[in-house]
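Engineer: Mind folding the following:
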Amino acid sequence: MEKLVRIEGRAIPFGAKNVDTDVIIPAKWLKTITRDGLGEGAFESIRAEPSNIFDDPDYAGAPILIAGDNFGCGSSREHAAWALLDMGVRVVIAPSYSDIFSGNAVKNGILPVVLPQEAVDRLMDVAREGETIHVDLESQTVTTPFQDRFTFEIDPFRKHCLMGGLDEVALTLESSDAIAAYENARAGQQGWLARGTDT
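Structural biologist: Below is the predicted model:
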């Protein structure tokens, strides 16, 4: 997983509320055995509309998505986070999220920033004006060129994982010495567990 400490760039001023994971990535895209290419199916129903925001060249490659309340509700598909990543999104800013989506986002290297609706509205305006938004996970701030400064809370463990680029496998490997010591001690005390079934 790629480390996330600071992200700066254009933001997609989406703003829709109650966007479920089926809107983020429709079920027909769940048959894939790889994460690659899921960005193509992201927000497919919205992209079917002419002049939609996701196909606007002004926001191509934007690393930040600004959304409305309850973003990522619905089914627990991890593909929603994968699709956002494949689009290039590393930060989502919204007033609230589905708990499952929020967890999936962090486990895949996406920072879900929770800010009050007034702050989200202000950032929507900044994004529409074409200005960049700066998200600093270390200081837990979102800033704009207009001297706006919003602070956000994040669970310390989630912050540690994002800043270190640590998914669940990497977290386990951080304890590899302790795991090896335990296995060696267990083999010495209960060696019969490690023996084969040769007769």
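Engineer: going forward, measure contacts and count neighbours with C-alpha atoms only.
Structural biologist: Fine.
Engineer: Sketch out the strands for this protein, chain order is fine.
Structural biologist: Residue ranges of the strands in the chain, as given by DSSP state E, are 6-9, 11-13, 64-66, 91-94, 111-114, 133-136, 141-143, 149-151.
Engineer: Let me have these in JSON lines, extended by mean neighbour count and mean pLDDT.
Structural biologist: Formatted as JSON lines, the strands of the chain follow (neighbours: other Cα atoms under 10 Å; pLDDT from 0 to 100):
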{"stretch": "strand 6-9", "mean neighbour count": "18", "mean pLDDT": "98"}
{"stretch": "strand 11-13", "mean neighbour count": "26", "mean pLDDT": "98"}
{"stretch": "strand 64-66", "mean neighbour count": "24", "mean pLDDT": "98"}
{"stretch": "strand 91-94", "mean neighbour count": "25", "mean pLDDT": "98"}
{"stretch": "strand 111-114", "mean neighbour count": "23", "mean pLDDT": "98"}
{"stretch": "strand 133-136", "mean neighbour count": "21", "mean pLDDT": "98"}
{"stretch": "strand 141-143", "mean neighbour count": "19", "mean pLDDT": "98"}
{"stretch": "strand 149-151", "mean neighbour count": "15", "mean pLDDT": "98"}
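Engineer: Tell me the confidence at Phe157?
Structural biologist: The model reports Phe157 with a pLDDT of 96.
Engineer: Distance-wise, check the most centrally placed residue in the chain relative to Asn184.
Structural biologist: Most central in the chain under Cα atoms, centre = their mean is Ile110, positioned 2.2 Å from the mean C-alpha point. To Asn184, Ile110 is 37 Å away according to Cα to Cα, to the nearest Å.
Engineer: before we move on, what about Ala94?
Structural biologist: Remark: distance between Ala94 and Asn184 (Cα to Cα) = 48 Å.
Engineer: likewise Pro50?
Structural biologist: With distances taken as Cα to Cα, Pro50 is found 63 Å from Asn184.
Engineer: any idea how far the closest residue to Asn18 other than its chain neighbours is from Ile93?
Structural biologist: Counting by Cα to Cα, 6 or more residues apart in numbering, Asn70 is the residue found nearest to Asn18 once chain neighbours are left out, at 4.9 Å. Asn70 is 11 Å from Ile93, where distance means Cα to Cα.
Engineer: thinking again about what came up before, could you check which of Pro50 and Asn184 is surrounded by more residues?
Structural biologist: Each of Pro50 and Asn184 has its neighbours counted (other Cα atoms under 10 Å); Asn184 has more, 13 against 9.
Engineer: Do I have it right that Val142 meets Ile133?
Structural biologist: Yes. With contact defined as Cα atoms under 8 Å, Val142 reaches Ile133; the gap is 7.1 Å.
Engineer: all helices for this structure, in order.
Structural biologist: Counting by DSSP state H, the chain has helices at residues 21-24, 44-47, 79-87, 99-107, 117-128, 156-164, 168-174, 176-189.
Engineer: how about low-confidence regions in this structure?
Structural biologist: Residues of the chain that meet the criterion pLDDT under 70 lie in 193-199.
Engineer: try it again with 50
Structural biologist: Within the chain, the segments meeting pLDDT under 50 span 197, 199.
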